[in-house]
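Student: compute the structure for the input listed below.
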Amino acid sequence: MLLSQSSLPEENQGYSKQEMEKRIEQIQDQLDLIYLKLKANVDNEVWVRFQTQTNNLKQTKAEIQRWKQLL
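Tutor: Next comes the predicted model:
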């Protein structure tokens, strides 16, 4: 068990635990922001495509009704 633990303090191994926790928190904040932006873009794209398809269906329905009246 003692062999698995380093005899050097954390600061001598690169970053302190507090620095790593702070960096991980900053990365998590950045990932959260990226996620929110991506979600907003996807939601917007889905809404635009839904509206486009709905309008296409309405136009097709109106055209069918027009052709029925002509025949």
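
Student: could you use CA atoms for every contact and neighbour count after this?
Tutor: Fine.

Student: helices along this structure, start to end?
Tutor: With DSSP state H, the ranges of helices along the chain come out as 17-70.

Student: tell me where this protein is predicted with low confidence.
Tutor: Low-confidence segments of the chain (pLDDT under 70): 1-13.

Student: neighbours of residue 69, just the number please.
Tutor: Neighbour count of residue 69, defined by other CA atoms under 10 Å: 8.

Student: next one: it from residue 15, what distance?
Tutor: Distance from residue 69 to residue 15, counting by CA to CA, to the nearest Å: 78 Å.

Student: could you do residue 66 as well?
Tutor: 73 Å.

Student: go on, residue 32?
Tutor: 24 Å.

Student: and residue 52, by the same measure?
Tutor: 52 Å.

Student: and residue 47, by the same measure?
Tutor: Residue 47 is 45 Å from residue 15, by CA to CA.

Student: now swap in residue 56 and tell me
Tutor: The gap separating residue 56 from residue 15 is 58 Å, by CA to CA.

Student: do residue 71 as well
Tutor: 80 Å.

Student: the more surrounded of the two?
Tutor: A side-by-side neighbour count of residue 71 and residue 15, using other CA under 10 Å, places residue 15 first with 12 against 5.

Student: next one: phi and psi at that one?
Tutor: Per-residue torsions, residue 15: phi -120, psi 150 (degrees, to the nearest 10).

Student: against residue 21, how distant is it?
Tutor: Applying CA to CA to residue 15 and residue 21 gives a distance of 10 Å.
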